[in-house]
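Student: Fold the following, please.
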Amino acid sequence: MLPADLFRFCPRCGAPRPADNAGAVPLRCDACGLVLFFNPTVAAAAWVFDAAGRTLLIRRDREPAKGKLAIPGGFVDPGETADAALRREIREEVGLEVEGVAYLTSFPNRYHYRDVTYPVLDLVFTARAVAPEAAQALDGVAGIEWRRPADVTADEVAFPSIAESLRLL
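Tutor: Residues are numbered from 1 along each chain as shown. Here you go, the predicted model:
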């Protein structure tokens with residue numbers, strides 16, 4: 001179920017949502033005039049490299065895609081820049097600082113969590129680890145691996161956005 005499908009009543013005035021507007025984006029309330037958009041959630045992630053050209057992969061410890069490979073990253077908080085979110089998520093997940101952050105691509109994704117499928121826009125970057133030897137599995141990470149991108153296959157990775165960005169590397 002998409003977030004827009006959850007609203008059967010106007011969140012401002014409580015008027016029933018017209019049947020012909022069910023799940024539509026934006027939600028338009030005829031009773032009070034509210035127009036509510038359901039934009040994608042934004043996430044930032046990076047292919048983090050060491051001096052040998054290997055990239056840091058995390059093994060996901062949680063659903064969705066538990067056990068699959070991913071790259072460090074996560075959701076951008078309100079009021080946070082993509083760069084700040086990226087750096088925060090890398091610190092939280094693997095304990096690293098990065099430099100040389102560069103935009104690679106963006107890709108739409110769907111993130112299924114607790115019976116809701118969230119539309120997500122993944123912003124994917126590349127970066128260099130300042131001290132790669134300090135990498136460790138932290139929040140939501142079952143394990144870490146340093147591998148050459150050419151040695152990673154699309155069927156190993158957690159999300160289509162990661163597979164697409166791997167192809168672009």
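Student: From now on I want contacts and neighbour counts done on CA atoms only, so please keep to that.
Tutor: Noted.
Student: who are the neighbours in contact with the residue nearest to residue 34 when sequence neighbours are not counted?
Tutor: Once flanking residues are discounted, residue 34 sits nearest to residue 28: 5.8 Å by Cα to Cα, 6 or more residues apart in numbering. With contact set as Cα atoms under 8 Å, 6 or more residues apart in numbering, residue 28 has these partners: 21, 34, 35, 36.
Student: beta partners of residue 28?
Tutor: Beta bridges link residue 28 to residue 35 when assigned by DSSP bridges.
Student: so residue 68 makes contact with residue 60?
Tutor: Yes. Shown here, residue 68 and residue 60 form a contact pair, counting by Cα atoms under 8 Å, at 5.7 Å.
Student: Between these two, which has more neighbouring residues?
Tutor: Comparing residue 68 with residue 60 by other Cα atoms under 10 Å, the one with more neighbours is residue 60, at 24 against 19.
Student: quick one: the more buried one from residue 116, how far?
Tutor: Distance, residue 60 to residue 116, using Cα to Cα, to the nearest Å: 20 Å.
Student: Longest helix in this structure, by number of residues?
Tutor: In the chain, assigned by DSSP state H, the helix with the most residues is helix 82-94.
Student: which helices and strands sit right next to that one?
Tutor: Other helices and strands packing on helix 82-94, by 3 or more Cα pairs under 8 Å, 6 or more residues apart in numbering; DSSP states H and E, are strand 41-49, strand 73-75.
Student: Go through the ones you listed and pick out the most buried.
Tutor: strand 41-49 (a mean of 24; mean count of other Cα atoms under 10 Å).
Student: now what about that one, what contacts it?
Tutor: By Cα under 8 Å, 6+ apart, strand 41-49 touches 55-57, 71-76, 82-83, 85-86, 98, 118-129.
Student: Which pLDDT value goes with the most centrally placed residue in the chain?
Tutor: Among the residues of the chain, residue 43 comes closest to the average C-alpha position under Cα atoms, centre = their mean, at 3.7 Å. pLDDT, residue 43: 97.
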